[in-house]
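K.L.:
dropping the sequence and predicted coords here.
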Amino acid sequence: MIGLLPQNAVTFIDNHDTVSTDKRFPSDKVIQGYTYILTYPRVPSIFYDHFFDSRNKDEISKLVDIRNRNGINPTSTVTILAFDADLYMASIHEKIIMKIGPKMDLGNLVPSNYQLATSGESYAVWENK
């Protein structure tokens, strides 16, 4: 699917099959996972249990709003800005920049015309204003 029709790929971090096993997504990294799949091209799927968990609902909703507001879709373009052991950053469709990882020193990776839209432990998203 990814190689032939990437725009049709559905992405998820947990589902009804993974929760019944020991293969669950780490609970302390759920929002980092949603930061990735909700800002990236493809078709993201939000797991019911994550969305209706009071610890996650507001932040997942913010990420969905950012995706919709900026027109991120399965064919949006991605430019990787940085990647190493404690930082992954990418520009999506030249409308948002997302960061995952604990590194805080970002140098000049976020241009001045971008405004912080949401952030938390080891993640952040900026919008081009």
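P.N.:
Looks like it arrived, so ask away. Here the structure is a predicted model, which is why all the values come from computation and not from measurement.
K.L.:
going forward, measure contacts between C-alpha atoms and count neighbours the same way
P.N.:
Fine.
K.L.:
touching, residue 98 and residue 39? I think so.
P.N.:
Yes: taking contacts as Cα atoms under 8 Å, residue 98 lies within contact range of residue 39: 7.1 Å.
K.L.:
which neighbours do the two have in common?
P.N.:
Residues touching both residue 98 and residue 39 by Cα atoms under 8 Å, 6 or more residues apart in numbering: residue 92.
K.L.:
could you give the bridge partners of residue 123?
P.N.:
residue 100, residue 120 (DSSP bridges).
K.L.:
show me what contacts it?
P.N.:
Counted by Cα under 8 Å, 6+ apart, residue 123 has contacts 31, 32, 35, 98, 99, 100, 101, 102.
K.L.:
okay, now the fourth one: neighbour count?
P.N.:
By the measure other Cα atoms under 10 Å, the count of residues near residue 98 is 25.
K.L.:
so what touches the least confident helix or strand in the chain by mean pLDDT?
P.N.:
Across the helices and strands of the chain, mean pLDDT, DSSP states H and E gives its lowest value to strand 10-11, namely a mean of 86. By Cα under 8 Å, 6+ apart, the surrounding residues in contact with strand 10-11 are 37, 42, 43, 44, 45.
K.L.:
hmm, 6 Å instead?
P.N.:
Outside strand 10-11, the residues that touch it by Cα atoms under 6 Å, 6 or more residues apart in numbering are 43, 44, 45.
K.L.:
ok, so of the residues you listed, who is nearest residue 66?
P.N.:
residue 44 (13.4 Å; Cα to Cα).
K.L.:
measure the closest one to residue 103 for me?
P.N.:
Distance, residue 44 to residue 103, by Cα to Cα, to the nearest Å: 26 Å.
K.L.:
who has more neighbours, these two?
P.N.:
Between residue 44 and residue 103, residue 44 has the larger neighbour count (other Cα under 10 Å), namely 20 against 14.
K.L.:
list the contacts of that one.
P.N.:
10, 11, 37, 38.
K.L.:
how far away from the center of its chain is the strand or helix carrying residue 81?
P.N.:
Assigned by DSSP states H and E, residue 81 belongs to strand 78-84. Averaging C-alpha positions (Cα atoms, centre = their mean, to the nearest Å) puts strand 78-84 13 Å from its chain's average.
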